[in-house]
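Asks: Predicted model and sequence below, questions to follow.
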Amino acid sequence: MADGIKPNLGAAEDSLRMVSAQTQQNEQLSDEELRPASLDDFIGQPRLKEQMRLFLTAAQKRGVPPDHILLAGPPGLGKTTLAMIVANELGVPVRITSGPAIQHAGDLASILSSLDEGEVLFIDEIHRLPRAAEEMMYIAMEDFRVDVMVGKGPGASSIPLTLPRFTVVGATTREGMLPSPLRARFGFTAHLDYYPDDELRKLIHRSASVLEVSITEEAAAQLASRSRGTPRIANRLLRRVRDWGVVHDLDVIDEDAVQAALDLYQIDSQGLDRLDIAVLNAVCRQFNGGPVGLSNLAAMVGEEAETVETVCEPYLVREGFLIRTPRGRVATQKAWKHLGIVPPDDVNSLF
Ligand SMILES: Nc1ncnc2c1ncn2[C@@H]1O[C@H](COP(=O)(O)OP(=O)(O)OP(=O)(O)O)[C@@H](O)[C@H]1O
C-alpha cells in the first residue's frame, strides 16, 4: 500500500449480513491484508487493466499527474483496491474520504487545500457528495482552484486558492446519479464487471495463500460459484470456510467443508443468502409474483430500499430470478422453481 494512506472514512455497506460488528471490524482489517498492491496482482478485468496501465504509464512518461479517474460498478468488485493501486503504481500518497463523510463544502475545502502535488484523492461513493461540495469539485478538478468563502451574509467574499495538480479517483455504485458536469470532469471512466467463476477461483487461491489456507481446486471452484461474481464475497466466504477448517482440524479445505460451512451460513447453491431468499419469497408469496415497487418490497423484507436495490437486486436480475419492469419487480419462472413453489394460475406468465 502507498505511504501516507489515511483511514477510510466510509466504506460502502457490505452484502453479507451475517457477521457481528466485531467480526465486521476484523474483516475490514483483513480486507486490507487481501488487497493486491499492484496491477499485476489485480485479478481479472483484463481490458480495464490494460486501459489503466496505458493511462498511468502515459502520465508517468509525460511527467504529470494523470487525469481524474472514475471507477463505477457494484459493491465489492475492487474499486477501492484499484484506487490504492493507482497511487501505488504512481508512487504517490493517497488521501481517502467519501461522499457521505463530507457534510459541508468547508470539509472538502480543507481536504483540497492540504493536498500535495501529485497526490491521489480517493472519494468513495462520490455520488453522495452534497451539492455545494459537488460544485466546489467542478472548479477544483478543472482549474485546480478552490474559492474559500470568508465571512457571512452580504459582507462575505471569496478568496481563490490555487491548488497543486492532483488526481481525483472517484468510486460510485450509482453512476447514473452523478451529475453530468461532474462525470464530464473525469478523463477516464472504468466500469467494473462481475467476475466470471474462473477469475474468482484464481482470486480464492491467491487469498488462500495470503491467509495460509490450503484449499483444493474443487473446493475453490465451488466457493467461486457461490460468490455472486464478487471478490469481496469470495474472500468473505473463504474466511468462513477457513473457520470451519480450523474448528474441525482440517489441513486442507475440501468440497465437503465448503458445503458444510456455507449450509451453516445459509448461502445456497446459487450463492443466494437469506435476504435474497426473503426478497424472492416476498415477490412470489406476498405479491403474487409482482410487479411490486422497490419501497414496498424493501418494507416487506425489513431492509433499506437502497440495500435491496444495490446489493440484492443486481445479482437476482443478472441471474434471471427477477425482472425489472416499469411497473415494478416481477419474479421469473426460475425464481418460483428455486423456491420450490408452483406459481398460481393467475400469475404473470410472461417470464
Ligand atoms: N481484482 C481483484 N483481485 C484481487 N482481489 C480483489 C480484486 N477486487 C477486489 N478484491 C478484494 O475484494 C475486497 C473488496 O474490494 P474493494 O474494497 O476494492 O471493493 P469496492 O468495489 O471498493 O467495494 P465498495 O463499493 O463496497 O467500497 C478487497 O479485500 C480486495 O482485496
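Replies: Thanks, I have the structure now.

Asks: going forward, measure contacts and count neighbours with C-alpha atoms only.
Replies: Will do.

Asks: Give me the mean pLDDT for the host helix or strand of residue 56.
Replies: Element membership of residue 56, judged by DSSP states H and E, is helix 46-62. Taken as a whole, helix 46-62 carries a mean pLDDT of 96.

Asks: Let me know the helix or strand that the residue in the stretch 101-250 of the chain positioned nearest to the ligand is in.
Replies: Minimum separation of the stretch 101-250 of the chain from the ligand (CA to the nearest ligand atom) falls at residue 232, amounting to 3.9 Å. Assigned by DSSP H and E, residue 232 belongs to helix 231-247.

Asks: Quick check: next helix or strand after that helix?
Replies: helix 255-264.

Asks: Pull out the buried positions in the helix or strand just after that next one.
Replies: As assigned by DSSP H and E, the chain's next helix or strand after helix 255-264 is helix 274-281. Of all the residues in helix 274-281, those buried under the rule 16 or more other CA atoms under 10 Å are 275-281.

Asks: Between helix 274-281 and whichever helix or strand comes after helix 274-281, find me the angle.
Replies: Using DSSP H and E, the next helix or strand after helix 274-281 towards the C-terminus is helix 294-301. Interaxial angle, helix 294-301 versus helix 274-281 (axes from the mean of the first three to the mean of the last three CA atoms, to 10 degrees): 120 degrees.

Asks: by contact count, what packs against helix 294-301?
Replies: helix 274-281, helix 305-307 (3 or more CA pairs under 8 Å, 6 or more residues apart in numbering; DSSP states H and E).

Asks: Does anything pack onto the longest one? Which helices or strands?
Replies: Read it as helix 274-281. Looks like helix 274-281 contacts helix 294-301, helix 333-339 (3+ CA pairs under 8 Å, 6+ apart).

Asks: For the ligand, tell me whether stretch 124-144 is touching it.
Replies: No - contact of stretch 124-144 with the ligand is not found when judged by CA under 6 Å from any ligand atom; the minimum separation is 6.7 Å.

Asks: And the pLDDT for the one residue sitting closest to the centre of the chain?
Replies: In the chain, the residue lying closest to the centroid (CA atoms, centre = their mean) is residue 75, at 2.1 Å. On the pLDDT scale, residue 75 is placed at 89.

Asks: What strand or helix carries the nearest residue to residue 138 once chain neighbours are set aside?
Replies: Spatial nearest neighbour of residue 138, chain neighbours left out: residue 182 (6.2 Å); criterion: CA to CA, 6 or more residues apart in numbering. Following DSSP H and E, one finds residue 182 within helix 180-183.

Asks: Tell me where the stretch 201-350 of the chain is predicted with low confidence.
Replies: 348-350 (pLDDT under 70).

Asks: residues in contact with residue 156?
Replies: Residues in contact with residue 156, defined by CA atoms under 8 Å, 6 or more residues apart in numbering, are 149-150.

Asks: Got the confidence number for it?
Replies: The per-residue pLDDT reported for residue 156 equals 86.

Asks: before we move on, what about residue 182?
Replies: 96.

Asks: from what I can see it touches residue 134, true?
Replies: Yes - using CA atoms under 8 Å, residue 182 is in contact with residue 134, at 7.3 Å.

Asks: Near the ligand, which residues of the stretch 201-350 of the chain? Just list them.
Replies: Proximity of the stretch 201-350 of the chain to the ligand, by CA under 6 Å from any ligand atom, involves residues 203, 231-232.

Asks: switch to 5 Å and redo it
Replies: 231-232 (CA under 5 Å from any ligand atom).

Asks: go on, the stretch 51-200 of the chain?
Replies: Applying CA under 5 Å from any ligand atom, we find that the stretch 51-200 of the chain lies next to the ligand at 75-81.

Asks: Mind checking which of these are in helices?
Replies: Under the assignment DSSP state H, those contribute 79-81 to helices.

Asks: Tell me how the protein divides into domains.
Replies: The record's domain parsing of the chain by automatic domain parsing lists 21-191, 197-264, 274-339.

Asks: Indicate which one of these is closest to residue 346.
Replies: domain 274-339 (8.5 Å; CA to CA).

Asks: Could you work out the end-to-end span of the closest one for me?
Replies: End-to-end distance of domain 274-339: 12 Å, with CA to CA, to the nearest Å as the criterion.
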